[in-house]
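Asker: with the input below, show me the fold.
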Amino acid sequence: MAKKLKVGIIGTGMIAVAGHIPAWKNLPDDVEIVAGADILPERPKLVGKAFGIPRAYGDWKQMLKEEKLDIVSVCTPNCYHKEHTIAALKAGAHVLCEKPVATSHADAVEMYEAADKAGRILLVGQTARFSPKSRAAKEIVASGKLGEMYYAEAYILRRRGIPTWGQFHIKKHSGGGPVYDIGVHALDLLFWIMGNPRVTAVSSATYTKLANRDEKLATSLADSGAPGGVLTPRPYNWRDFDVEDMAAGFIRLKGGGTVAFKTSWAANIPEGTGQTMILGTEGGLILEPLTLVTNMGSYQVNVVPSTPGARKVDFSGHWEETEHFVNVIRGKAELLVKREEVLNVIRTLDALYKSGAEGREVRIE
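Answerer: Okay, here's the model as predicted:
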């Protein structure tokens, strides 16, 4: 039996507690979580006690220096992904970094270059890819059943789903709002299914209309993406909100295809409005529920594939991706989330924010 891989966690907030730690704990024959670090020193102690993690650090640099880690999960706010990832790579660890990879294309390039130099693997946590439904959608598209894909939509919208338990709403920590939090999942999944199309131009608008005021609404943590609750929530003040609460964009692809994109934490819409859809000359594909819309002889038909095997746990994508990462490290699998795909997405998000700020279409050379 291969030796267990030693895992360390940088950032022991919600996504570590709800996603990464349970996912790593699900692989007891392959990995062991030996330490956690956080700038709030009491937090990793509390998390360690709850999950049986033996060592807690108030200084992540000290953890990297003292522990001989094989894998580091970077679970900190977006603006710190680059620093923590590069340091962990230099310390000799493979890195599973939460999405988005960084808050700029240039930073993402540096992170991948650091992985190359260190001879280690960087996996970005685009967990929407890690499901039976997503794999089936990609297989359908790869089979050619859609023909030429000329239009797509990627909408992921919350009615009132502002994360009120971390620093997502503060630009100096997060870099952006729902575009980086949930929009990146929708766009990454769409591009992956379509075969990583080249983006040529982006036109967009960003809005802050609802989240920067106190509506005195009854909401829940589950509404904001924390269905299991939060072990160590940060006090929330709506006056700190300085990122977008909604964004919409129109993306042009090489060859003439186009994509409509929308994402929100707060919008006056019915729940469950979000959808991903691809239109092609031979068929269309809707992701929720997964449906191939096509013709059969003289008749129009809707084909609903059966996609068994979905895990019945919160943050199931994290369970799938950690298992995948171990297999990649051991040479048993090829990395699913590839560099060129991640860079394509973050380059598009850069252009989306730039277009929204400048009020014009942004060309991508």
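
Asker: please enumerate the helices of the stretch 151-300 of the chain.
Answerer: 171-174, 178, 184-194 (DSSP state H, counting those that start in this stretch).

Asker: oops, could you answer that again for the stretch 1-150 of the chain instead?
Answerer: 14-15, 21-25, 42-51, 60-66, 81-90, 105-118, 132-142.

Asker: rewinding a little: quick one, which of the helices of the stretch 151-300 of the chain gets closest to residue 242.
Answerer: Of all the helices of the stretch 151-300 of the chain, helix 171-174 sits nearest to residue 242, with 5.0 Å by C-beta to C-beta. Glycine gets a C-beta too; all of them are placed from N, C-alpha and C.

Asker: toward the C-terminus, what is the element adjacent to that closest one?
Answerer: Following helix 171-174 in sequence order, the next helix or strand is helix 178 (DSSP states H and E).

Asker: can you spell out which helices and strands pack onto that following helix?
Answerer: The helices and strands touching helix 178, judged by 3 or more C-beta pairs under 8 Å, 6 or more residues apart in numbering; DSSP states H and E, number zero.

Asker: for residue 61, give me its contacts.
Answerer: By C-beta atoms under 8 Å, 6 or more residues apart in numbering, residue 61 lies in contact with residue 87.

Asker: how near is it to residue 83?
Answerer: Distance from residue 61 to residue 83, counting by C-beta to C-beta, to the nearest Å: 10 Å.

Asker: then residue 322?
Answerer: Distance from residue 322 to residue 83, by C-beta to C-beta: 23 Å.

Asker: looking at the two, which is more packed in?
Answerer: Just comparing residue 322 and residue 83: by other C-beta atoms under 10 Å the higher neighbour count belongs to residue 322, 29 against 17.

Asker: domain assignment for the chain?
Answerer: The chain resolves into domains spanning 5-125, 133-313+345-363 when parsed by automatic domain parsing.

Asker: and the ones you listed, which is most packed in?
Answerer: domain 5-125 (a mean of 21; mean count of other C-beta atoms under 10 Å).

Asker: that domain spans what distance, first to last residue?
Answerer: 19 Å (C-alpha to C-alpha, to the nearest Å).

Asker: give the contact list for the residue nearest to residue 288 when sequence neighbours are not counted.
Answerer: Distance criterion C-beta to C-beta, 6 or more residues apart in numbering; nearest residue to residue 288, sequence neighbours excluded, is residue 275 at 6.0 Å. Shown in contact with residue 275 (C-beta under 8 Å, 6+ apart): 153, 155, 286-288.
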